[in-house]
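> no sequence for this one, just the structure:
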DNA sequence: ATCAAATTGAGAATGGTTCTCATTTACTAT
DNA sequence: ATAGTAAATGAGAACCATTCTCAATTTGAT
């Protein structure tokens, strides 16, 4: 199985998972929200609310923002700060598998990366009085083109 | 020497360092910008542009934002995303000493933390084509009061 | 088919940030 | 000191991202 096929299966798993969680939470399965979920399912990295809105015909902007808020509250997506003015959002896989980001502060280019040792170090952090659910790591610097 | 005295000395070192870097960059030493620097120097954790503006009489909002942009470009402060609508900013010590943040996604409470092993893991990350300058780590979860 | 509750879209309102521009201030060379 | 010049400023307009409002529609359970 190639990479594209693997990703397609994971997308499907996530959107089904998301729809199921929506129902469990007592919310209805509406068409516009499903469109938002499907679009998020197909992204490789973070997208902004306005990017989603621009891609979705027949879905109001308010609906996009509302869907994002609900998905975030249910732990299905995560907000990430990639340096610009708008926030990005990306899937949280049920498996826990995820990446972090490296950002060029000059041109704004964003690349995802994964690091096992980093994950281990983060999982070893325990703070009294806090139950940690997710985490976000961003490296800032300059890319080759801007250096 | 107690903690307060240690911090006071570090604040002073930072504001002097910041003023010096401002001059080196060919910028003038203006009174309003100095007020912004002094106020940033006295903070224990991240503050927003609007918080700075509210504290500073006789300094225009635009000046606060301009000062923040310049200080960020010079690597003297760092922007951090702490979950709310506005961005926070905090000093980057010349020594490299810094903390990260743990945020309660329910009430918005923010606590700083430090972790040596985490820093080591981050410093071991190398990405071809990128020169990493700074990094940001945020843990999200629920605090005792909200759990 | 009926009903109540959830959801929606359009647009207004808000909050945070950036821009504009005429005036003031800081540094440099006299 | 003084004058010249470029940087910096404040007030408010403008802008972008986000949230709110509300009447109309859709959904899921009866």
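That came through, no problem. Small disclaimer: the values here were computed from a predicted structure and weren't measured.
> Could you find the closest non-adjacent residue to residue A:126?
Once flanking residues are discounted, residue A:126 sits nearest to residue A:132: 7.8 Å by CB to CB, 6 or more residues apart in numbering or on different chains. Any C-beta I mention is one placed from the backbone N, CA and C, and that applies to glycine too.
> what do you get for residue A:78?
Excluding the flanking residues, the one nearest residue A:78 by CB to CB, 6+ apart is residue A:92, at 5.2 Å.
> now that neighbour: how far from residue A:9?
Counting by CB to CB, to the nearest Å, the separation of residue A:92 from residue A:9 is 17 Å.
> do residue A:75 as well
21 Å.
> tell me which element the residue nearest to residue A:126 is part of?
Assessed by DSSP states H and E, residue A:132 sits inside strand A:130-143.
> Name the strands paired with that strand and say parallel or antiparallel.
Note on strand A:130-143: by DSSP bridges, its sheet partners are strand A:100-104 (parallel), strand B:130-143 (antiparallel).
> Can you say which of these is packed in most?
Across the strands paired with strand A:130-143, averaging neighbours per residue (mean count of other CB atoms under 10 Å in any protein chain shown) puts strand A:100-104 on top, at a mean of 22.
> which residues are in contact with that one?
A:45-46, A:80, A:82-83, A:109-115, A:118, A:136-143, A:145-146, B:127, B:130, B:132 (CB atoms under 8 Å, 6 or more residues apart in numbering or on different chains).
> So between residue A:75 and residue A:9, which is more surrounded?
Shown here are residue A:75 and residue A:9; by other CB atoms under 10 Å in any protein chain shown, residue A:75 has more neighbours (14 against 11).
> Can you verify my assumption that that one contacts residue A:94?
No - Residue A:75 is not in contact with residue A:94 according to CB atoms under 8 Å; the separation is 9.6 Å.
> Give the burial count for residue A:88, as a bare number.
Neighbour number of residue A:88 under other CB under 10 Å is 21.
> continuing past the helix or strand residue A:22 falls within, what's the next helix or strand?
Element membership for residue A:22 (DSSP H and E) is helix A:3-24. Counting by DSSP H and E, the element after helix A:3-24 in chain order, helix or strand, is helix A:31-41.
> Is the helix or strand just after that next one positioned near DNA strand D?
Of the helices and strands lying after helix A:31-41 in sequence (DSSP H and E), the nearest is strand A:47-48. Yes - interface with DNA strand D: strand A:47-48 contributes residue A:48 (CB under 7 Å from any atom of the strand).
> Now do the buried residues in the helix or strand just after strand A:47-48.
Following strand A:47-48 in sequence order, the next helix or strand is helix A:49-55 (DSSP H and E). By neighbour count, with 16 or more other CB atoms under 10 Å in any protein chain shown as the criterion, the buried positions of helix A:49-55 are A:49, A:51-53.
> now do stretch A:32-51
A:33-37, A:39-41, A:43, A:46-49, A:51.
> Near DNA strand C, list only the ones from these.
Within the buried residues of stretch A:32-51, those near DNA strand C by CB under 7 Å from any atom of the strand are residue A:33.
> Make JSON lines from the buried residues of stretch A:32-51 and add distance to residue A:102 and pLDDT to it.
Output for the buried residues of stretch A:32-51, formatted as JSON lines (distance: CB to CB, whole Å; pLDDT from 0 to 100):
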{"residue": "A:33", "distance to residue A:102": "32", "pLDDT": "98"}
{"residue": "A:34", "distance to residue A:102": "33", "pLDDT": "98"}
{"residue": "A:35", "distance to residue A:102": "31", "pLDDT": "98"}
{"residue": "A:36", "distance to residue A:102": "27", "pLDDT": "98"}
{"residue": "A:37", "distance to residue A:102": "27", "pLDDT": "98"}
{"residue": "A:39", "distance to residue A:102": "25", "pLDDT": "98"}
{"residue": "A:40", "distance to residue A:102": "22", "pLDDT": "98"}
{"residue": "A:41", "distance to residue A:102": "24", "pLDDT": "97"}
{"residue": "A:43", "distance to residue A:102": "18", "pLDDT": "95"}
{"residue": "A:46", "distance to residue A:102": "13", "pLDDT": "96"}
{"residue": "A:47", "distance to residue A:102": "18", "pLDDT": "97"}
{"residue": "A:48", "distance to residue A:102": "18", "pLDDT": "97"}
{"residue": "A:49", "distance to residue A:102": "23", "pLDDT": "97"}
{"residue": "A:51", "distance to residue A:102": "20", "pLDDT": "97"}
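> Quick check: the two most widely separated of the buried residues of stretch A:32-51?
Farthest apart among the buried residues of stretch A:32-51 by CB to CB are A:34 and A:46. That separation is 20.7 Å.
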